[in-house]
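[1] Got a sequence here, can you model it:
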Amino acid sequence: MNKENRFFKGPYGIMLTPFLPNGKVDYNQIEEQADSLCQTGITGLVTCGSTSEFVMLSAEENKQIMKVVANVVGNRKQLICGATGPDSKTSIDYLSYMSQLGAVGALIAPPYYYQYGGDEIVEFYRSLDANCSDVKIIAYQIPSFSSPIPLDKTVELMGLPHVVAMKNSSADIKQIMHQINLRNNVRDDFSILTGTDDALVPCLSGGCDGSFTALACIFPNEICKIYEAVENHDLETALKLQGDLLPLTRLADQVTFPVGYKILAEVVGVLKTSYRQQFGVKAKQEAEHIGEQMRQLLREKKIS
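    Numbers count the residues shown, from 1 in each chain. Reported below is the predicted structural model:
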């Protein structure tokens, strides 16, 4: 196996979308967030992904975020933009737009809400492959929000020249290992990426090429240290570093996704935001309590 011929590898940060008190997108904070990430060791930035709350945004807002981030990133990092939509027409429109901005990759899950079967999913990606210009496509396995990509269809996706990677956010390590095995036997230049911070070390140790995760945006330095430890075969250090972050992800997961990760980002100082989600009184109180627990953990672990 030769990782050098795989285009997507290493840690990528899924950017968070801050909102102003009036509910509008805070583009100034997005600029600051992008510039800060460009000064870290992560490989690239991902915008308009799941943690970015792309479904809470209009198509115009998603495009404006892509444009703002592209202007900040330039050639400093790889830029990947999310292009998931309810149909292929929407995804192809996003692909055309991000190509003009210089994005190198598009993260695209199968259309959401209505369920697709395996054959329909392959045809969906086939239509994207035929209309993607120079943007590389990352198929997105996230069964909690869209139709799952069957394992037996992975080989067919690998046969599409512009589909060069798969991000797996299922947290199913068994499935990921099978995808790695298929990659090794079918298409050596195809990247397998994890979207689950909690399983980062075992996924990297098992052959994943990289990760697209929220913690790489919130704790880019810590995530880069985990990569360095894995590359140096220092599993003890890698597991210790991940172990320090796991209690924080457990707390974040107690709140409606991705609010918990935005609370964590606020606690760390990555952003300050209002929310478009609806909260009851009890939910607000629980969120405040979780924020305090996060602060206490950060003091104890001395994570920055």
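[2] Just the buried residues of stretch 223-238, please?
    Under the neighbour-count criterion of 16 or more other CB atoms under 10 Å, stretch 223-238 has 223-227, 229-230, 237-238 buried. For every residue, glycine as well, the C-beta is placed using N, CA and C.
[3] Just the mean pLDDT for it, thanks.
    The average pLDDT within stretch 223-238 is 97.
[4] what's it in contact with?
    10-11, 40-42, 197, 200-201, 204-205, 211, 213, 215-216, 241-242 (CB atoms under 8 Å, 6 or more residues apart in numbering).
[5] ok, now with 6 Å
    Contacts of stretch 223-238 with the rest of the structure, by CB atoms under 6 Å, 6 or more residues apart in numbering, involve 11, 41, 201, 204, 215-216, 241-242.
[6] can you give me the offset of it from its chain's centre?
    Between the centre of stretch 223-238 and the centre of its chain there are 20 Å (CA atoms, centre = their mean, to the nearest Å).
[7] Determine how far the last residue of that stretch lies from the first.
    9 Å (CA to CA, to the nearest Å).
[8] cool, stretch 270-290 as well?
    The first residue of stretch 270-290 is 17 Å away from its last residue (CA to CA).
[9] now the helices for the stretch 201-304 of the chain?
    215-218, 220-231, 235-252, 259-268, 281-301 (DSSP state H, counting those that start in this stretch).
[10] in stretch 108-119, what's buried?
    So for stretch 108-119, counting by 16+ other CB under 10 Å, buried means 108-112, 116, 118.
[11] From these, pick the one nearest V55.
    Y112 (7.5 Å; CB to CB).
[12] any idea how far the closest residue to that closest one other than its chain neighbours lies from M98?
    In space, and not counting its chain neighbours, Y112 is closest to S146: 4.3 Å by CB to CB, 6 or more residues apart in numbering. Note on S146: its distance to M98, by CB to CB, to the nearest Å, is 19 Å.
[13] The two: which is more packed in?
    Counted by other CB atoms under 10 Å, S146 and M98 do not tie: M98 has more neighbours, with 28 against 22.
[14] quick one: contacts for that one?
    M98 sits in contact with 66, 81, where contact means CB under 6 Å, 6+ apart.
[15] three-state assignment of it?
    What DSSP: H, G, I helix; E, B strand; the rest coil gives for M98 is helix.
[16] ok, it to L37 distance?
    18 Å.
[17] for I290, same thing?
    I290 is 24 Å from L37, by CB to CB.
[18] Tell me which of those two has more neighbours.
    L37 (23 against 20).
[19] any chance you could map the strands in the stretch 1-150 of the chain?
    Secondary structure of the stretch 1-150 of the chain by DSSP state E, counting those that start in this stretch: the strands cover 10-14, 44-47, 78-82, 105-108, 136-141.
[20] between these, which one is nearest to Y275?
    Once those are compared by CB to CB, strand 10-14 is nearest, at 17.4 Å.
[21] Which strands or helices does the closest one pack on?
    Applying 3 or more CB pairs under 6 Å, 6 or more residues apart in numbering; DSSP states H and E, one finds that strand 10-14 contacts strand 44-47, strand 210-213, helix 215-218, helix 220-231.
[22] Could I get these in JSON lines, plus columns for distance to N185?
    Listed next are these as JSON lines, based on distance: least, CB to CB, whole Å:
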{"stretch": "strand 44-47", "distance to N185": "27"}
{"stretch": "strand 210-213", "distance to N185": "20"}
{"stretch": "helix 215-218", "distance to N185": "29"}
{"stretch": "helix 220-231", "distance to N185": "23"}
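[23] out of these, nearest to L20?
    Judged by CB to CB, the one of the helices and strands packed on strand 10-14 that comes nearest to L20 is strand 44-47, at 17.9 Å.
[24] nearest to N184, of the contacts of stretch 223-238?
    Once CB to CB is applied, the member of the contacts of stretch 223-238 that ends up nearest N184 is L204, at 15.5 Å.
[25] any idea how far the residue nearest to that closest one when sequence neighbours are not counted lies from G13?
    Nearest residue to L204, sequence neighbours excluded (CB to CB, 6+ apart): V230, at 4.7 Å. Applying CB to CB, the value for V230 to G13 is 18 Å.
[26] repeat for A165
    From A165 to G13 the distance is 16 Å (CB to CB).
[27] What about S274, how many residues nearby?
    S274 has 13 neighbours, counted by other CB under 10 Å.
[28] does it have beta-bridge partners, and which?
    Per DSSP bridges, the residues bridged to S274 are F19.
[29] Hmm, it is touching K24, no?
    No - the pair S274 / K24 is not scored as a contact, 9.4 Å apart, by CB atoms under 6 Å.
[30] quick one: the nearest residue in space to A238 that is not next to it in sequence and L239, what's the gap?
    Distance criterion CB to CB, 6+ apart; nearest residue to A238, sequence neighbours excluded, is A229 at 3.8 Å. Going from A229 to L239 by CB to CB gives 8 Å.
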